[in-house]
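Asker: Take a look and give me a structure for this.
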Amino acid sequence: MLKEIAPQLSRLAILYYYGETYYALESIAHALGIEVLWIAIKGASDVENAFAEAQAKKANGLLIVDTGALGVTCEMIAKMAFARRMPSAGSFRSQADAGLLLTYAADDRHLQHRAASYVDRLLKGAKPADLPVEQVTKFELVLNLRTAKEFGISVPAAVLLRAHEVID
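Answerer: Okay, the predicted model is just below:
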């Protein structure tokens, strides 16, 4: 979707938590004609250097891959990407509020509802080992049109139609 919104995207800096791997992303990026620049970070102290590296490598887009290990660092990254006018995507809804162009993530409200269902079953006597492991099934796309307008990006109607929420 980032490529649809920013078709000039050719060099994508992917910020990820040090030690984790996301090789499937590289295959997808290459299929879209995008060169991937992997930049590992461990926390807030690495963010400035990560942006310096991304700029030195002439990245013209950014993806934050976060499994929760980066915590509030992701919002810091989102604000820095906005300040540098770098089209960016992330994996937590709060990052769109902080200025990322888009986020595609599990629907937090749906996850909370599912968690409540588990708590209910446990309180009614179910054994934890008997409860099934569930995969996330509901995702939401959040577009930040304020960021798009600030960057002079026109979001295609096809992407707008897929959005679950638009920040105007």
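
Asker: So what's the residue count around F139?
Answerer: As a burial measure, F139 scores 13 neighbours (other C-beta atoms under 10 Å). Every residue, glycine included, has its C-beta placed from N, CA and C.

Asker: just L145 next, same as before
Answerer: A count of nearby residues for L145, using other C-beta under 10 Å, gives 15.

Asker: likewise L63?
Answerer: 23.

Asker: how about it, what does it touch?
Answerer: Shown in contact with L63 (C-beta atoms under 8 Å, 6 or more residues apart in numbering): L2, L12, A13, I14, L15, L25, S88, A89, G90.

Asker: and the residues you listed, which of them are in strands?
Answerer: In strands, judged by DSSP state E, the following of the contacts of L63 are found: L12, A13, I14, L15, S88, A89, G90.

Asker: okay if I get the residues you listed as JSON lines plus neighbour count?
Answerer: Shown next, in JSON lines, are the ones in strands among the contacts of L63 (neighbours: other C-beta atoms under 10 Å):
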{"residue": "L12", "neighbour count": "26"}
{"residue": "A13", "neighbour count": "25"}
{"residue": "I14", "neighbour count": "20"}
{"residue": "L15", "neighbour count": "27"}
{"residue": "S88", "neighbour count": "31"}
{"residue": "A89", "neighbour count": "24"}
{"residue": "G90", "neighbour count": "27"}
